[in-house]
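In: build me a model:
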Amino acid sequence: MINKVILLGRVGKDPEVKQFDNGSVANFTIATDDSYKDKSGQKIERTDWHNISVNFPGLVEVVSKYVKKGDLLYVEGKIKTREAEKDGVKRYFTEVRVETLKMMPKGQNTGASNNSSDSMPEQKSMGSATASDFVSDGGASMDDDLPF
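Out: As a prediction, the model looks like this:
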């Protein structure tokens, strides 16, 4: 089974960092957009908001120092649903638990077309970190059990 999410979107609010006895967590939202034409040919634009959670200590520190509202981020992670009960009412939250985060250059356009030049410039991330940068797995690779 595979549980993998890849998002490229804009940060909706400055990250909120919470400290706990066993570590810290950074939470924020990312907006992604999509457009399509309906049956009448009218262009419809849609924005989806994704709850993002970062819980690797070094990655939380990177997020708290460098990620701000409006930044363009590339994130990879897993979808997780958690349950919380308040006043006898159960609530469910779906979030992306980040394993890889890349900060894209300022002014980066996510559009696919580039009218000013025939060739697209090479895109480079300003900063990149993965969960494995902060956790030692004793040399074991998460990809070792993949069937392909």
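In: okay, Ile30 and Leu59: tell me how far apart.
Out: 15 Å (C-beta to C-beta, to the nearest Å). C-beta: built from backbone N, CA, C; applies to glycine.
In: also Lys18?
Out: Taking C-beta to C-beta, one finds Lys18 at 14 Å from Leu59.
In: the more surrounded of those two?
Out: Counted by other C-beta atoms under 10 Å, Lys18 and Leu59 do not tie: Leu59 has more neighbours, with 21 against 11.
In: and that one, which helix or strand is it part of?
Out: Per DSSP states H and E, Leu59 falls inside helix 57-66.
In: helices or strands up against that helix?
Out: strand 16-20, strand 23-37, strand 89-103, strand 127-130 (3 or more C-beta pairs under 8 Å, 6 or more residues apart in numbering; DSSP states H and E).
In: just put the ones you listed in JSON lines and tack on distance to Leu7.
Out: Compiled in JSON lines, those are given as follows (distance: least, C-beta to C-beta, whole Å):
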{"stretch": "strand 16-20", "distance to Leu7": "18"}
{"stretch": "strand 23-37", "distance to Leu7": "6"}
{"stretch": "strand 89-103", "distance to Leu7": "7"}
{"stretch": "strand 127-130", "distance to Leu7": "15"}
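In: ok, which of these comes nearest Ile6?
Out: Of all the helices and strands packed on helix 57-66, it is strand 89-103 that lies closest to Ile6, at 8.9 Å by C-beta to C-beta.
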